[in-house]
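In: have a look; sequence and predicted model below, questions after that.
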Amino acid sequence: MRVERTGRAQKLTPLVQRFLVEALRGVCLDDPQNSEQRRVDYSCLNGLLAIEIKSLEDDASERINNLIDELRKRDDWPVFLGSAPMQSFVRHLDDSEQVERKIFDRIGRAIKNHIHKANKQLEAHLASNSRRNIVSVVFLINEDHEIYDPNTVAFIVQRLLLREEKGELLYPFIDAVVFKSERHVTAIDRQMAFPIVSIEGAPIEQAVWKRDVLNLMLRRWGEWNGRPVHYVDDNSTDFDTIDHIPEKMKRYEKWQLDYRRNRYMEEFSHDELRERFDEIMVISTLKFVRGSPETPIDEAVTWSMSSMSHIMLEMGWRGTPVTDFPQEPERLVVIPH
């Protein structure tokens, strides 16, 4: 499922805050004038539900780029034409699993910091509250970053919530983390569905009634938004990233958008893709190398330039490095009949 979007993205954090107040009778406890005082953001349902909101404002790009700069020095680091999905690089490495863990650590650094702080705030709230039956939840909100896809975030959060030190849970005061994103989407009953993922912590296994409170909150979310809530028991649902279309773009960016809209080379075999690559290289060589025996027409040059933008994307998505298509002059020679 491919979805495009133009214009500014709506901020999700204010939307969640309104939901807590209007649908869960939430009372704001946070005191911006006293940042040293540890308080949760909202107490809802007459104190039954304690909620701390954490927003993912940083897209982790700097941390990932720093890691890529380190990995690029490796002898087995593949070379792609232009950009490619990270997984396309990792699959070619000898220690791909170890590198994947490093990537998850870089992506999850902001998440870990949020979970660490939220655990302390929830601990302070529970210690100062005479009520014992409290469900403590962290609302983790993705403010429109592609890298924080639901399955990746769920994996990172689940690993954090189950982490132990000296036989004790590292974050024992978090019953669940609820992740919300509207940069990712899937199709259910031919309609767009945005993810709202509930990741349960170990404490819920000792108090399963808390799961009912979580389900109540999720139902209220759907009712408040006027949309049905579809329950999925695992993380097998694949979510696609919404493609944000800027108001202005460069010519090569328009060519790339055209290909994302119409991936006509998807069904090409490896050999067919190589043939198309060679066609592009022949025309480019004839046009831009001094002393070429023939100059191609302008239409052919424009076709080769746009097609190069297309094939770069296709090779990146397939995980085909440019070294798979080495320069072989005999392939480019036209033998007259």
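Out: Ah, there it is. Residues are numbered from 1 along each chain as shown.
In: how about low-confidence regions in this protein?
Out: Where the chain drops to pLDDT under 70, the residues are 31-37, 233-236, 332-337.
In: isn't P172 right up against P203?
Out: Yes - counting by C-beta atoms under 8 Å, P203 is a contact partner of P172 at 6.5 Å. Backbone N, C-alpha and C define where each C-beta goes, glycine included.
In: beta partners for I141?
Out: Beta-bridge pairing of I141 under DSSP bridges involves S55, K180.
In: number of nearby residues for it?
Out: For I141, the count of nearby residues is 24 (other C-beta atoms under 10 Å).
In: thinking it is in contact with V16, fair?
Out: Yes - the criterion here is C-beta under 8 Å, and I141 meets it with V16 at 6.0 Å.
In: which neighbours do those two share?
Out: I53, K180 (C-beta atoms under 8 Å, 6 or more residues apart in numbering).
In: and the residue nearest to F277 when sequence neighbours are not counted, how far from F80?
Out: Once flanking residues are discounted, F277 sits nearest to F325: 5.1 Å by C-beta to C-beta, 6 or more residues apart in numbering. For F325, the distance to F80 (C-beta to C-beta, to the nearest Å) stands at 11 Å.
In: before we move on, what about H270?
Out: In terms of C-beta to C-beta, H270 sits 16 Å off from F80.
In: neighbour count winner among these two?
Out: More crowded of H270 and F80, by other C-beta under 10 Å: F80, with 18 against 11.
In: which SS class is the more buried one?
Out: Classification of F80 using DSSP: H, G, I helix; E, B strand; the rest coil returns coil.
In: ok, now which ones touch it?
Out: S88, F89, M312, M315, G316, P321, V322.
In: try it again with 7 Å
Out: S88, M315, G316, P321, V322 (C-beta atoms under 7 Å, 6 or more residues apart in numbering).
In: how many other residues sit next to the closest residue to E164 other than its chain neighbours?
Out: Nearest-residue entry for E164: L170, 6.3 Å, with adjacent residues in sequence omitted and distances by C-beta to C-beta, 6+ apart. L170 sits with 15 neighbouring residues when counted by other C-beta under 10 Å.
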